[in-house]
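Okay, sequence plus prediction incoming.
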Amino acid sequence: MVFNEQKFHVKDMGYTIRPAQVGDAAQLSEVRLQIDGETENMDREKGEGFIDIAGFERLIEEDANHPRNLFLVAESQGRILGFSRCEGSHLKRSMHKVEFGVGVLKEYWGHSIGRNLLNESIGWAKSNGIKKIVLYVLEENQKAVALYEKMGFETEGILKNDKFLSDGKFHHTLIMGNLLHESGK
């Protein structure tokens, strides 16, 4: 995986997007746990699917050695503010695509961190011959859906009653895809 770090300055805050490093594992474990507790837009509730430091170390090393995986962090002054991950497949029939996921600490929403993580992932995917990025988003997360549409994603399907949230109701999940060779994005 080759990715050069990028610097951004949004709303009087500077941050860098760079590949995750093994030394980030402790912070990533804490940040992921916090993000899961800040919003119901994630797949997990706080504490579910917990990844400890050793787990993140393994994941970062595996991603660094897999040509179709990309693990990025957004960092400011030594603090990780968010992260994204593209995960590809070893299967020949699926090697043309990756699945994208993102998480940003709530106190840093509005600084285009998620947008920039996605944009950098799209650039990486194109430069590595990947033809499609897929993601999953709650249907009512309209801010995210609008961003994804702006970035060239289209709704490809709906997983009905896919998530059961704290309001005691089922919610639909959209499957969105970006055909990189066709979108021009």
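Here it is on my side, so go on. Residues are numbered from 1 along each chain as shown.

For this protein, which residues score under the pLDDT cut-off?
Low-confidence segments of the chain (pLDDT under 70): 1, 182-185.

This structure: helices as residue ranges?
25-38, 53-64, 113-127, 142-150, 180-183 (DSSP state H).

which one of the ones you listed is the most hemmed in?
helix 113-127 (a mean of 20; mean count of other Cβ atoms under 10 Å). (Each C-beta comes from the backbone N, C-alpha and C, glycine too.)

helices or strands up against it?
Helices and strands touching helix 113-127, by 3 or more Cβ pairs under 8 Å, 6 or more residues apart in numbering; DSSP states H and E, are strand 6-10, strand 13-19, strand 70-76, strand 79-87, strand 97-104, strand 132-138, helix 142-150, helix 180-183.

can you list contacts of it?
Residues outside helix 113-127 that contact it (Cβ atoms under 8 Å, 6 or more residues apart in numbering): 1, 3, 6, 8, 10, 15, 17, 70, 72, 74, 81-84, 86, 98, 100, 102, 104, 133, 144, 147-148, 151-152, 178, 180, 185.

that older thread, could you dump the helices and strands packed on helix 113-127 into CSV with distance to Glu30 added?
Below are those laid out as CSV (distance: least, Cβ to Cβ, whole Å):
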stretch, distance to Glu30
strand 6-10, 23
strand 13-19, 18
strand 70-76, 13
strand 79-87, 9
strand 97-104, 12
strand 132-138, 24
helix 142-150, 23
helix 180-183, 33
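
Glu156: which of these is closest?
Among those, strand 132-138 comes nearest to Glu156, with 7.8 Å by Cβ to Cβ.

list the buried ones in the closest one?
Within strand 132-138, the residues that count as buried by 16 or more other Cβ atoms under 10 Å are 132-138.

on that earlier part again, which one of the helices of the chain lies nearest to His171?
With respect to His171, and counting by Cβ to Cβ, the nearest of those is helix 142-150 at 12.7 Å.

For that closest one, name the packing helices and strands.
Helices and strands touching helix 142-150, by 3+ Cβ pairs under 8 Å, 6+ apart, are helix 113-127, strand 132-138, strand 170-179.

Same list, these, but as TSV with distance to Ile51 please.
Shown next, in TSV, are the helices and strands packed on helix 142-150 (distance: least, Cβ to Cβ, whole Å):
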stretch	distance to Ile51
helix 113-127	18
strand 132-138	19
strand 170-179	22
